[in-house]
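Chemist: Give me a 3D structure for the following:
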Amino acid sequence: QLQLVESGGGLVQPGGSLRLSCAVSGTTLDDYSIGWFRQAPGKEREGVSCIDKSGEVIKYGDSAKGRFTISRDNAKNTVNLQMNSLKPEDGALYFCNARTAGFTSWGQGTQVTISS
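Modeler: Numbering: from 1, shown residues only. Model prediction:
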């Protein structure tokens, strides 16, 4: 059974960087597209970035363009989200999501806090 575990969140100052990881277990990553989403208190869940099975199709939400980079390492069953130039409004609970035909699964999330 597929499981997703996010890590890498924490407290960072504005302008800083964090690297989030989504580790997949219970199956191989090859068959899944992976997305990163975030949700701040009182706000709707927002799509941050996604990468398809091949790693060739990558999309970013407007808030992530130019600052975040998504990558996948199928051999390590991991998808990473490098976040640079972080802003206070980037603070949220970040989730990864795995999707394939007729199936989707979510991790529990990792908290990102941006504060001086």
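
Chemist: Strands along this protein, start to end?
Modeler: Under the criterion DSSP state E, the chain contains strands at 3-7, 10-12, 18-25, 33-39, 46-51, 58-60, 68-73, 78-83, 92-100, 103-106, 110-114.

Chemist: Could you tell me the angle between the longest one and strand 78-83?
Modeler: An angle of 140 degrees separates the directions of strand 92-100 and strand 78-83 when computed by axes from the mean of the first three to the mean of the last three Cα atoms, to 10 degrees.

Chemist: what angle sits between strand 92-100 and strand 3-7?
Modeler: Calculated by the same axes, to 10 degrees, strand 92-100 forms an angle of 150 degrees with strand 3-7.

Chemist: Strand 92-100 packs against which elements?
Modeler: Contacts defined by 3 or more Cβ pairs under 8 Å, 6 or more residues apart in numbering; DSSP states H and E place strand 92-100 against strand 3-7, strand 18-25, strand 33-39, strand 103-106, strand 110-114. From N, CA and C alone the C-beta is placed, and that goes for glycine too.

Chemist: follow-up on the earlier one: export the strands of the chain as CSV, with columns for mean pLDDT.
Modeler: Shown next, in CSV, are the strands of the chain (pLDDT from 0 to 100):
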stretch, mean pLDDT
strand 3-7, 97
strand 10-12, 98
strand 18-25, 97
strand 33-39, 98
strand 46-51, 98
strand 58-60, 97
strand 68-73, 97
strand 78-83, 98
strand 92-100, 97
strand 103-106, 95
strand 110-114, 98
